[in-house]
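**Q** Make a model of this:
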Amino acid sequence: MHIDGACQCRKITYEAEIDPQDVAICHCTDCQRLTGSAYRVTVSTHRNRFQVTSGTPRLYVKSADNGRRRLQFFCADCGSPVYTTGEHEDAEQIGIRLGTVNQRQELRPRSQIWCSSALPWAQSLTDLPGRAKD
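**A** All right, here's what the predicted structure looks like:
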């Protein structure tokens, strides 16, 4: 599936070919802090199937608990996290942040990781009252 996307201010844009089955939720505490939310949703693809089409993302390097370094790319102007990758063998995989994908309505998470760090309420959002707009 072909996707494209952008940060909030649209200075960083990209396009990619993805498998819609490769969408996952991560509940780890790093993802909670990096998003400022309860979890992060990522669309994975191979490096050669991803291309930044405009702008130059800023880089933040996060050393994970397992010692591996994760390269977090974001917009320096609006702060939107755009994608992540790793080093060495991990550099072949790109994790695109779902919120930046224009076709996000067509994508659905197929798995979850780090569920031991999940916030207890994160699995039961349908029980909350909601409004279509605010």
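**Q** what are the ranges of the helices in this structure?
**A** Secondary structure of the chain (DSSP state H): helices at 29-35.
**Q** Tell me which helix or strand in it has the weakest average pLDDT.
**A** helix 29-35 (a mean of 90; mean pLDDT, DSSP states H and E).
**Q** Can you pull up the most central residue in the chain?
**A** Centroid-nearest residue in the chain, with Cα atoms, centre = their mean: R97, separated by 2.3 Å.
**Q** That residue against T42, yeah?
**A** Yes. Taking contacts as Cβ atoms under 8 Å, R97 lies within contact range of T42: 6.5 Å. Any C-beta I mention is one placed from the backbone N, CA and C, and that applies to glycine too.
**Q** which residues do those two both contact?
**A** Residues touching both R97 and T42 by Cβ atoms under 8 Å, 6 or more residues apart in numbering: T84.
**Q** How far off centre is the least confident helix or strand of the chain?
**A** Distance of helix 29-35 from the chain centroid (Cα atoms, centre = their mean, to the nearest Å) equals 11 Å.
**Q** who's in contact with it?
**A** Contact partners of helix 29-35, identified using Cβ under 8 Å, 6+ apart, comprise 38-40, 62, 64-65, 70, 72, 81, 114, 117, 119.
**Q** Please list the members of these that lie in strands.
**A** Among the contacts of helix 29-35, DSSP state E puts 40, 62, 70, 72, 81 in strands.
**Q** Out of those, flag the one nearest to P129.
**A** In terms of Cβ to Cβ, no member of the ones in strands among the contacts of helix 29-35 lies closer to P129 than R40, at 25.1 Å.
**Q** Much appreciated, bye for now.
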